[in-house]
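Participant: I'd like to go over a predicted model; first the sequence, then the structure.
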Amino acid sequence: MKMKRIGLILALVALSTAALGGVPQAASGDAYVVKGQKLFAKYCASCHGTQAKGDGPVAASLKTRPPDLTAIQKKGEKFPFAKVAEAIDGEKTERAEAHGPNQMPVWGTIFRRISSAAEKEGDVYALTRYIASIQTVK
């Protein structure tokens, strides 16, 4: 049952992402940021939107609107890198927080199943670096 659910999620993401335009440009030529930008376009933009504002084509069908990922960092504070990476990974977080029990896929599990454990860690890190790079601190 879980494998069907993961397959369904990946298929939905692939279909919705195919119809999307570009995501915000990476803030630097950093290889992790560039990789994270590509991962975001493939796996995240369907819910979070191409501009990471929480308005992707799948967002309307969710119980809770996805957050604006460009507004995580608050003025005068550091980007909460570990917290964001943990939320993306999803394997170590309390799933009943902002996304509810089943709103956001557990990307760590999905990345690990489609690649090695080391690549999974690199993917989560790259996505987090990309999200950090698109912050619009006010």
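Facilitator: Nice, I can see it. Numbers count the residues shown, from 1 in each chain.
Participant: drop to CA atoms for contacts and neighbour counts, all remaining ones
Facilitator: Noted.
Participant: how about the helices in the protein?
Facilitator: Ranges of helices in the chain, per DSSP state H, are 2-18, 31-39, 45-48, 81-89, 107-114, 117-133.
Participant: most packed of those?
Facilitator: Of all these, helix 45-48 carries the top mean neighbour count, a mean of 26, counting by mean count of other CA atoms under 10 Å.
Participant: which ones are touching residue 72?
Facilitator: The neighbours of residue 72, taking CA atoms under 8 Å, 6 or more residues apart in numbering as the test, are 79-80, 135.
Participant: let me have the helices of the chain in CSV, extended by distance to residue 75.
Facilitator: Below are the helices of the chain laid out as CSV (distance: least, CA to CA, whole Å):
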stretch, distance to residue 75
helix 2-18, 31
helix 31-39, 22
helix 45-48, 22
helix 81-89, 15
helix 107-114, 28
helix 117-133, 13
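Participant: between the ones you listed, which one is nearest to residue 71?
Facilitator: Residue 71 lies closest to helix 117-133 among the helices of the chain, at 9.6 Å (CA to CA).
Participant: then the closest one to PDB, C-alphas only?
Facilitator: C-alpha atoms of helix 117-133 as PDB (Å, rounded to 0.1, in the frame of the first residue of the first chain):
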ATOM      1  CA  ALA A 117      21.400   6.800   1.200                       C
ATOM      2  CA  ALA A 118      24.400   9.100   0.500                       C
ATOM      3  CA  GLU A 119      22.600  10.600  -2.500                       C
ATOM      4  CA  LYS A 120      19.500  11.100  -0.400                       C
ATOM      5  CA  GLU A 121      21.400  13.100   2.100                       C
ATOM      6  CA  GLY A 122      22.900  15.200  -0.800                       C
ATOM      7  CA  ASP A 123      19.500  15.800  -2.300                       C
ATOM      8  CA  VAL A 124      18.000  17.000   1.000                       C
ATOM      9  CA  TYR A 125      21.100  19.200   1.600                       C
ATOM     10  CA  ALA A 126      20.900  20.600  -2.000                       C
ATOM     11  CA  LEU A 127      17.200  21.400  -1.700                       C
ATOM     12  CA  THR A 128      17.800  23.100   1.600                       C
ATOM     13  CA  ARG A 129      20.600  25.200   0.200                       C
ATOM     14  CA  TYR A 130      18.400  26.200  -2.700                       C
ATOM     15  CA  ILE A 131      15.500  27.200  -0.400                       C
ATOM     16  CA  ALA A 132      18.000  29.200   1.700                       C
ATOM     17  CA  SER A 133      19.200  31.000  -1.500                       C
END
